[in-house]
Every structure is written in C-alpha cells, then in structure tokens.
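Undergrad: build me a model:
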Amino acid sequence: MKYGDEVLDVCCGTGAQVIEYGKQGILATGVDKEQSMLSVALKNKEKQKLTNVSFCQADATSLPFGANKFDYVSICFGLHDKEEDIRNKVVSEMKRVVKQEGSLVLADFNVPLPGNMWAMFARIIEYIAGGSHYRGFKDFINSGGLKNILNNHLLFKQKAGYFKGGILEIIQAKLYRE
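TA: Residues are numbered from 1 along each chain as shown. A predicted model of the protein is given here:
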C-alpha cells in the first residue's frame, strides 16, 4: 500500500487499522455493523485529526460500494468468529469491491495454531468469548483457516507473514484472472 491508495477495512471495529492507514496518507474507509465500535472509531479519527479516513455502518455480507472500487480491501481478525457461510459471503463481497489489479489483505489466526503460550492464550480468549464466536473459531480452525478461504475463493497468495509466535497470519492475495 502506498500514499493515495484507496483502502477498505472490513469489520473494522474501533478503527485501529483504518487510523494506521490514514497516518500513511492512504484514503481509508472502515466498515462495521456495530455502531458502538464505530463511535469509538470516530473518536479515534478526531483525536488524530485525519481527513483521509471515513467510517460507515454496514454489514460485511452486503457492502454499500460499487464493484472494483478499492485498491486494497483488508480484514483483520474478522473471519474466524463467523460461521462458514457468513465468512464466504464476506470474502465474496471483498472480492467484488476490490479493483481487478487490487489485492485483499487477510489477517487472522494461523492454522494449525502453534503449540506455544500465544496459541494457548488465544484459545482461552476465544473460549471465553463463547457462543457463536467460539463455534466460528472452532470451525475456522477445523476447516483450515485462511488457506481454506484462499482455495475456496480462487485467491492466490502474493505475500505472507507470521507474527505473535506464529499465531497471526497476514496474507496479501489476488484473484485468479483468466
């Protein structure tokens, strides 16, 4: 990503990633369906005095943008907590709104999780979250995580990195084009 790129962050929560994009001169938009999260995001934007950052309330399975709009579309820890059909709808929408020459950036748990304290801590936190969140996490892990998403959505990995003792995987991916 570079200065002037237009980036969408899906399931942006409190907007931390969007704010970081904005600090780099990127035209960043964050979407989340939770107004409480967006309220915090807007306060963070105001503190930073960023004019190149915006937020909107939207469901990630039905993004309010036209096709081929963004240079990059990212999601950070926004897939593992969802049921597979919802995950697939979110990724399909991300693919729809990214430009043909653009990329998706997917950051979530690395599968399989390594056998270290970071992974143990992650499993405990996900268990405490409980309910549908934990069911989504277990399904994400059991189905192969981001690797499965890449395969199911005909995405190819351009770059990958691993962080926090190997529990976090960040992938930059492109769509297969004929």
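Undergrad: got a list of what the closest residue to residue 66 other than its chain neighbours touches?
TA: Distances taken as CB to CB, 6 or more residues apart in numbering place residue 97 nearest to residue 66, at 7.4 Å, with adjacent residues excluded. The C-beta positions use only the backbone N, C-alpha and C, and glycine is treated the same way. Listed by CB atoms under 8 Å, 6 or more residues apart in numbering, the contact set of residue 97 reads 8, 63, 65-70, 73.
Undergrad: specify which member of the residues you listed is nearest to residue 174.
TA: residue 73 (11.5 Å; CB to CB).
Undergrad: so that closest one makes contact with residue 105?
TA: Yes. Between residue 73 and residue 105 there is a contact at 7.3 Å, judged by CB atoms under 8 Å.
Undergrad: more neighbours, the two?
TA: residue 73 (27 against 21; other CB atoms under 10 Å).
Undergrad: what strands line up against the host helix or strand of that one, and which way round?
TA: Following DSSP states H and E, one finds residue 73 within strand 70-76. Strand 70-76 has the following strand partners under DSSP bridges: strand 6-10 (parallel), strand 98-109 (parallel).
Undergrad: tell me the most buried of those strands?
TA: Mean neighbour count (mean count of other CB atoms under 10 Å) peaks for strand 6-10 among the strands paired with strand 70-76, with a mean of 25.
Undergrad: now it: how far from the chain's centre is it?
TA: Centroid separation for strand 6-10 versus its chain: 9 Å, with CA atoms, centre = their mean, to the nearest Å.
Undergrad: how about stretch 136-143?
TA: Distance, centroid of stretch 136-143 to centroid of chain: 16 Å (CA atoms, centre = their mean).
Undergrad: for stretch 65-80, which positions count as buried?
TA: For stretch 65-80, a neighbour-count test (16 or more other CB atoms under 10 Å) marks 65, 69-76, 78-80 as buried.
Undergrad: tell me the one among those residues nearest to residue 122.
TA: Residue 122 has its nearest neighbour among these in residue 80, at 9.6 Å by CB to CB.
Undergrad: my read is the closest one is in a strand, agree?
TA: No. Residue 80 is assigned coil when assessed by DSSP: H, G, I helix; E, B strand; the rest coil, not a strand.
Undergrad: just to check, it is in contact with residue 144?
TA: No. Residue 80 is beyond contact range of residue 144, at 11.8 Å (criterion: CB under 8 Å).
Undergrad: list the residues that contact both of residue 73 and residue 105?
TA: Contacts common to residue 73 and residue 105, judged by CB under 8 Å, 6+ apart, are absent.
Undergrad: could I have the strand holding residue 73 exported to CSV, CA atoms only?
TA: Coordinates of the C-alpha atoms in strand 70-76 are reproduced here as CSV (Å, rounded to 0.1, in the frame of the first residue of the first chain):
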residue,chain,number,x,y,z
PHE,A,70,-10.7,-0.1,-3.8
ASP,A,71,-7.0,-0.7,-4.4
TYR,A,72,-6.9,-2.9,-1.3
VAL,A,73,-9.6,-4.5,0.9
SER,A,74,-8.4,-5.7,4.3
ILE,A,75,-9.9,-7.6,7.2
CYS,A,76,-8.1,-8.2,10.5
